[in-house]
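Asks: Predicted model follows, preceded by the sequence.
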Amino acid sequence: MRLFWRVFWLNALMGVVATVLLMIGPWTVSAPVRLTEAVVLVAGTGTMLAANAALLRWGLAPLGRLTQLMGTIDLLRPGQRLPVTGSGEIAALIATFNQMLARLEAERGLSSARALSAQEDERRRIAQELHDEIGQSLTAVLLGLKRVTDRAPESLRADLREVQEVTRDSLDEVRMIAHRLRPGVLEDLGLMSALASLTHQFDGLAVRRELDPDLPPLSPQAELVIYRIAQEGLTNVARHAGATEAVLELAADRDGGGVTLRVRDNGRGKGGEDEGAGIRGMRERALLIGAGLTIRSGPGQGTEVTLRVRTTEQGDE
């Protein structure tokens, strides 16, 4: 009922002011009402309504800000909060809404972590099956074709060699898919080697890498997120940006508090289009390790993806 009384007393204040003015003012109303008196009454009523509207607008302004935030909130951009202003029910409502956002962000982070963990496990399983089952089967087919080609008549050898090439290309494609699903080089050789290998996987796109060898220690989960976001960023550049050059940069922050990954290109950029599934996936991965992801882009200005990751020492784990 506090909001009710807030509005009631604002209106009561205007009524009291209007009554006092009528009592002490030089105004009179005769019957029938004269033209000048009607003008004074209309002007007074209009003034009172305008003042009442201004007071109500001031009193209910926090609700307007709350409504605006509720219409634009995005859980993939955490930290959006409203200052607790006003009094009574309004302040309590804003505080409760901020608490609800905090709970939703925490629950979204946990659910994203479970989903991404399951996704990585599934990728690892599929990559293993591609390598062990399909890869070995194609290798056996390729060896069999070689034996058949060596014993086949000369008239058939050209066709058999063509089948061999198709099979070899298919085997290479399967290996490439398995590598993209499960970056074995990341587990075997580390983040730097994995990123260096990643820059050679995009035909028609010249990728320059600027990798700082002196990075602070990162958790395996943080390294995987950095690799996946770099992979998604370069894939988006190769597929959608219309770019000829891209830069992959990974460096330690000057204050030693973390590392920063940047992927930028010289493509056509974009305006205010809605974010696609790839970008939202990058935001979910950034939330997984509590990192900040920003994307800057403009028509004809290319795109820059920036990921800032805290080090293990600051609680990345």
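Replies: Ah, there it is.

Asks: In the helix or strand harbouring Val247, which of the residues would be classed as buried?
Replies: Taking DSSP states H and E as the criterion, Val247 maps to strand 245-252. Within strand 245-252, the residues that count as buried by 16 or more other Cβ atoms under 10 Å are 246-250, 252. For glycine as for every other residue, the C-beta is placed from the backbone atoms N, C-alpha and C.

Asks: In the stretch 201-317 of the chain, where is pLDDT below threshold?
Replies: The stretch 201-317 of the chain contains residues with pLDDT under 70 at 256, 271-275, 312-317.

Asks: Tell me which stretches of it form strands.
Replies: 206-211, 245-252, 258-265, 292-297, 303-310 (DSSP state E, counting those that start in this stretch).

Asks: Distance to Met192 for those - can I get that in a markdown table?
Replies: Shown next, in a markdown table, are the strands of the stretch 201-317 of the chain (distance: least, Cβ to Cβ, whole Å):
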| stretch | distance to Met192 |
| --- | --- |
| strand 206-211 | 6 |
| strand 245-252 | 8 |
| strand 258-265 | 12 |
| strand 292-297 | 21 |
| strand 303-310 | 15 |
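
Asks: Quick one: closest of the ones you listed to Ser155.
Replies: strand 206-211 (44.6 Å; Cβ to Cβ).

Asks: What are the buried residues along the closest one?
Replies: Per 16+ other Cβ under 10 Å, strand 206-211 contains these buried residues: 207, 209, 211.

Asks: got the contact list for the last one?
Replies: If I follow you right, that is Leu211. The contact partners of Leu211, taken as Cβ atoms under 8 Å, 6 or more residues apart in numbering, are 192, 195-196, 248-251.

Asks: Return the distance of it relative to Ala43.
Replies: According to Cβ to Cβ, to the nearest Å, Leu211 and Ala43 sit 74 Å apart.

Asks: cool, Val174 as well?
Replies: From Val174 to Ala43 the distance is 84 Å (Cβ to Cβ).

Asks: neighbour-wise, which of the two wins?
Replies: Val174 (19 against 10; other Cβ atoms under 10 Å).

Asks: hang on, the more buried one packs against Ile134?
Replies: Yes. With contact defined as Cβ atoms under 8 Å, Val174 and Ile134 form a contacting pair (5.4 Å).

Asks: what are the pairing partners of the strand holding Val247, and which direction each?
Replies: Counting by DSSP bridges, the strands paired with strand 245-252 are strand 206-211 (parallel), strand 258-265 (antiparallel).

Asks: got the angle for that strand vs strand 303-310?
Replies: 10 degrees (axes from the mean of the first three to the mean of the last three Cα atoms, to 10 degrees).

Asks: Number the residues from 46 up from this point.
Replies: Okay, residue one is now 46; in that scheme the one you just asked about reads as strand 290-297.

Asks: can you list the contacts of Leu256 in TSV and add distance to Thr141?
Replies: Listed next are these as TSV, based on distance: Cβ to Cβ, whole Å:
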residue	distance to Thr141
Met237	47
Leu240	44
Ala241	50
Leu293	44
Glu294	42
Leu295	41
Ala296	42
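
Asks: which among the residues you listed gets closest to Gly323?
Replies: Taking Cβ to Cβ as the measure, Gly323 lies nearest Leu293 of the contacts of Leu256, at 16.4 Å.

Asks: and the closest one, bridged to which residues?
Replies: Beta-bridge partners, per DSSP bridges, of Leu293: Arg254, Val308.
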